[in-house]
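Enquirer: let's see this in three dimensions:
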Amino acid sequence: MTQTRAARHRLTVLATLLAALLAALLTPGRASAASLQEVTGFGSNPGALRMFRYVPDGLPAGRPVVVALHGCTQNASGYGTGSGWLQLADRWGFSVVLPQQTSANNLTSCFNWFQTGDITRGQGETASVAQMVDRQLADVSGDTSRVYVTGLSAGGGMTSVMMAAYPEKFAGGGVVAGLPYGCAQAAGSPYVCMYAGATQTAKQWGDRVRAARPGYPGPWPVLTVFQGGADYTVNPVNMTDLMKQWTDVQGADQTADVSDTVAGYPHKVFRNPAGTTVVETYSITGMGHGQPVDPGTGTEQCGTAGAYILDVDLCAAYRLGRAWGLG
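Expert: Model (predicted):
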């Protein structure tokens, strides 16, 4: 084939491919892919947060809702995609609420898990997130008994807050590299809490949760924790303290009923006297500060690696979704 004929051949192939692409895009009735949307006017919004959501195309009524809270320096879109939650929403059929912090509230876009005015029921950022949940359930006719909350770092700290301040709204919570409820107050400083932890007994930890929703008889959300073993931003002792806090709230002891490995990482299960799993922990050996993901197309894979989104061959969102019965 001469050089001229070869060039013509390449142009013909390219034109064919472009024509096929245009035909696919312009086919009548072709469904458009779902996208992240901002919702305004979702309530009084005392915490001055922004609300984003993802609803897969054709999602039927009565499906679960997951609230996903980003970490510091992140935003709703990046965390939703990077963590794998939007990917799983399409795969399993649920909607996602993605609160977003503003620089006016916090210069590094951290949720204020340590501020009394933002972690108290009916106030600040906590109330704003609760209003987002109510709006989402109303708009998509979601299943009120299958609402879950999760988040990374400061978003993990705010996950603990939502579980404590609004336990009636959530069936489960997933804290990733986060903090127990009331940790900043117990330690005297958010930084002491993060770097060293707070000295509290299981009952003292549990009392902080019970005080957040006085007189609440239960049920309380089930907790799952993911924590990097080499995390120098949030000390791994915080995972132990989360376990103490929520086993006490759930009336369980602090001795694991199951100790095994998942994807090679230490995994523990804590059950209440009735034999129901109430706390689950994953210690990601060697991982620093971030959200565990496992990019790929396999059944158990999800997420996209990036800043504070770490490829460790285990996707936290997948494990949470399976524990919550989403898949």
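
Enquirer: put the alpha carbons of stretch 263-279 into CSV.
Expert: Provided in CSV are the C-alpha atoms of stretch 263-279 (Å, rounded to 0.1, in the frame of the first residue of the first chain):
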residue,chain,number,x,y,z
ALA,A,263,-8.5,-8.8,51.5
GLY,A,264,-5.6,-9.5,53.8
TYR,A,265,-6.5,-6.8,56.4
PRO,A,266,-7.6,-7.4,60.0
HIS,A,267,-11.3,-7.3,60.4
LYS,A,268,-13.5,-7.6,63.6
VAL,A,269,-17.2,-8.0,64.3
PHE,A,270,-18.9,-7.1,67.5
ARG,A,271,-22.3,-8.4,68.3
ASN,A,272,-24.9,-7.5,70.9
PRO,A,273,-26.4,-10.1,73.3
ALA,A,274,-29.0,-11.0,70.7
GLY,A,275,-26.3,-12.0,68.2
THR,A,276,-26.8,-9.0,65.9
THR,A,277,-23.7,-7.3,64.5
VAL,A,278,-23.6,-3.7,65.8
VAL,A,279,-20.0,-2.7,65.2
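
Enquirer: list the buried residues for that stretch?
Expert: Of all the residues in stretch 263-279, those buried under the rule 16 or more other C-beta atoms under 10 Å are 265, 267-272, 277-279. Just so you know, the C-beta spots here come from the backbone N, C-alpha and C atoms, and that holds for glycine as well.

Enquirer: and those residues, which two are the farthest apart?
Expert: Pairwise distances across the buried residues of stretch 263-279 peak at 24.1 Å for Tyr265 and Asn272 (criterion: C-beta to C-beta).

Enquirer: which residues in the stretch 101-250 of the chain form helices?
Expert: 124-140, 154-165, 183-187, 190-196, 202-212, 237-249 (DSSP state H, counting those that start in this stretch).

Enquirer: can you list the ones you listed in a markdown table and add mean neighbour count and distance to Val312?
Expert: Output for those, formatted as a markdown table (neighbours: other C-beta atoms under 10 Å; distance: least, C-beta to C-beta, whole Å):
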| stretch | mean neighbour count | distance to Val312 |
| --- | --- | --- |
| helix 124-140 | 20 | 28 |
| helix 154-165 | 29 | 16 |
| helix 183-187 | 21 | 25 |
| helix 190-196 | 18 | 21 |
| helix 202-212 | 18 | 28 |
| helix 237-249 | 24 | 15 |
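
Enquirer: can you redo those as CSV with distance to Phe226?
Expert: What follows is those, written out as CSV (distance: least, C-beta to C-beta, whole Å):
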stretch, distance to Phe226
helix 124-140, 20
helix 154-165, 9
helix 183-187, 17
helix 190-196, 16
helix 202-212, 19
helix 237-249, 8
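
Enquirer: show the pLDDT at the closest residue to Phe94 other than its chain neighbours.
Expert: Using C-beta to C-beta, 6 or more residues apart in numbering and skipping the chain neighbours, the partner closest in space to Phe94 is Pro64 (4.2 Å). Pro64 is assigned a predicted lDDT (pLDDT) of 98.

Enquirer: and Pro64, how many neighbours?
Expert: Neighbours of Pro64 under the rule other C-beta atoms under 10 Å: 22.

Enquirer: check Gln227 too.
Expert: 25.

Enquirer: contacts only, for it.
Expert: Contact partners of Gln227, counting by C-beta atoms under 8 Å, 6 or more residues apart in numbering, are 176-177, 234, 236, 238-239, 281-284.

Enquirer: repeat for Gly43
Expert: Contacts of Gly43 were listed using C-beta under 8 Å, 6+ apart, and they are 127-128, 131-132, 134-135.

Enquirer: which one of those is nearest Ala165?
Expert: When the contacts of Gly43 are ranked by distance to Ala165 (C-beta to C-beta), Ala127 comes first, at 8.5 Å.

Enquirer: on the pLDDT front, check the closest one for me.
Expert: For Ala127, pLDDT reads 98.

Enquirer: go ahead and confirm it touches Leu49.
Expert: No. Between Ala127 and Leu49 there is no contact under C-beta atoms under 8 Å: 9.8 Å.

Enquirer: I'd assumed Met51 was in a helix, is it?
Expert: No. Assignment of Met51 by DSSP: H, G, I helix; E, B strand; the rest coil gives strand, placing it outside any helix.

Enquirer: from Leu98, how far off is it?
Expert: Between Met51 and Leu98 the computed distance is 8 Å (C-beta to C-beta, to the nearest Å).

Enquirer: what's the distance between Thr102 and Ala187?
Expert: In terms of C-beta to C-beta, Thr102 sits 26 Å off from Ala187.

Enquirer: identify the bridge partners of Tyr54.
Expert: Judged by DSSP bridges, the bridge partners of Tyr54 are Val96.

Enquirer: let the chain start at 54 from now.
Expert: From this message on, residue numbering opens at 54, which makes the last subject Tyr107.

Enquirer: please report how far it lies from Tyr361.
Expert: 20 Å.

Enquirer: same question for Gly175.
Expert: Distance, Gly175 to Tyr361, by C-beta to C-beta: 31 Å.

Enquirer: of these two, which one has the most company?
Expert: Neighbour count, other C-beta under 10 Å: between Gly175 and Tyr361, Tyr361 has more, with 23 against 10.
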